[in-house]
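Asker: Sequence plus predicted model, see below.
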Amino acid sequence: MPIPQPLLPHESHPHATLLSDFILGSQDGLVNVLGILLGLVAAGATTKIVLVAAFAALAAESISMGAVAYTSTLARRDFYLSEVERETREMREVPEMERDEIRVVLRGWGYEGEEVEEMLRRIEAKPKAWLDMMMAFELNLAEVKADQPRNSGLIVLGATVVGSIIPVLPFLVPGIRTVAAAIVAVVLAGLVLVAVGWYTARTTIGSPWANAGRMLIIGLGAGFAGFLVGHLLGAI
């Protein structure tokens with residue numbers, strides 16, 4: 001009887017991690033800079049001030065987001081390694097307790113009676129399989145590879161830069177009026193949010209248009225909050 005190979009937690013898949021990091025960085029950069037731009041325009045700021053504030057926010061936000069992605073992923077890796085060490089010690093010191101935990105997992109998959117014991121013996125004969133099974137299906141932890149903190153930090157940093165630049169582009173057009181640039185920035189941001197939401201659903205599950213609409217509402221809602229703050233402060 002072959003040992004089943006259920007899917008590990010999705011975070012272990014490199015494409016899922018890449019997509020998650022890209023969405024995190026790009027959406028955060030776009031929404032934050034859009035909110036700042038709209039707030040300044042509503043307050044009556046000139047194009048020069050808007051651009052200075054936008055690029056300052058771009059630099060600070062991208063570095064901050066990249067650093068947070070790096071440190072948080074590094075913390076997840078440290079936690080994963082500590083749990084590997086603990087499980088390895090328990091397999092050595094209290095093996096019967098670990099066997100009972102494997103039995104619980106196997107029964108949850110529908111195995112019964114002698115099937116459970118047969119599967120247990122086969123898993124126990126392969127210490128790495130035993131450990132991997134405990135990590136994935138008892139603790140529900142996915143492996144965090146050594147290069148993942150660095151990769152996550154760089155991807156989030158780069159995606160934040162890309163997302164932050166998008167609403168700034170209309171303000172770089174020579175001679176464009178500030179209000180007109182703000183309107184174009186909102187349109188561009190909306191199109192990008194819809195595209196990211198649609199693509200995310202197409203590569204995972206769910207309705208592409210429902211996901212696109214959700215991204216649009218969240219993103220432009222945050223931008224509108226910046227507009228309201230700028231309008232109120234400008235009036236004051």
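Answerer: Yep, that arrived.

Asker: so Leu24 is in which element?
Answerer: Under the criterion of DSSP states H and E, Leu24 resides in helix 14-42.

Asker: which helices and strands sit right next to that helix?
Answerer: helix 47-93, helix 148-165, helix 178-203, helix 208-235 (3 or more CB pairs under 8 Å, 6 or more residues apart in numbering; DSSP states H and E). In this view, the C-beta of every residue, glycine as well, is placed from N, C-alpha and C.

Asker: now it and helix 47-93, what's the angle there?
Answerer: Helix 14-42 runs at 150 degrees relative to helix 47-93, counting by axes from the mean of the first three to the mean of the last three CA atoms, to 10 degrees.

Asker: ok so, going back, now, of the helices and strands packed on helix 14-42, which is deepest in the fold?
Answerer: Mean neighbours per residue, mean count of other CB atoms under 10 Å, is largest over these for helix 148-165, with a mean of 22.

Asker: How about residues contacting it?
Answerer: 17-18, 21-33, 54, 57-58, 61-63, 65-71, 73-74, 77, 192 (CB atoms under 8 Å, 6 or more residues apart in numbering).

Asker: Mind doing that once more with 7 Å?
Answerer: 17-18, 21-22, 24-30, 33, 57-58, 61-63, 65-67, 69-70, 73-74, 77 (CB atoms under 7 Å, 6 or more residues apart in numbering).

Asker: ok so, going back, can you list the buried residues in the helix holding Leu24?
Answerer: By neighbour count on 16 or more other CB atoms under 10 Å, the buried set for helix 14-42 is 17, 19-42.

Asker: From Ala222, how far out is the residue with the largest distance to the centre of the chain?
Answerer: Within the chain, Glu114 marks the point farthest from the mean C-alpha position, 42.4 Å out by CA atoms, centre = their mean. From Glu114 over to Ala222 the distance is 58 Å, taken as CB to CB, to the nearest Å.
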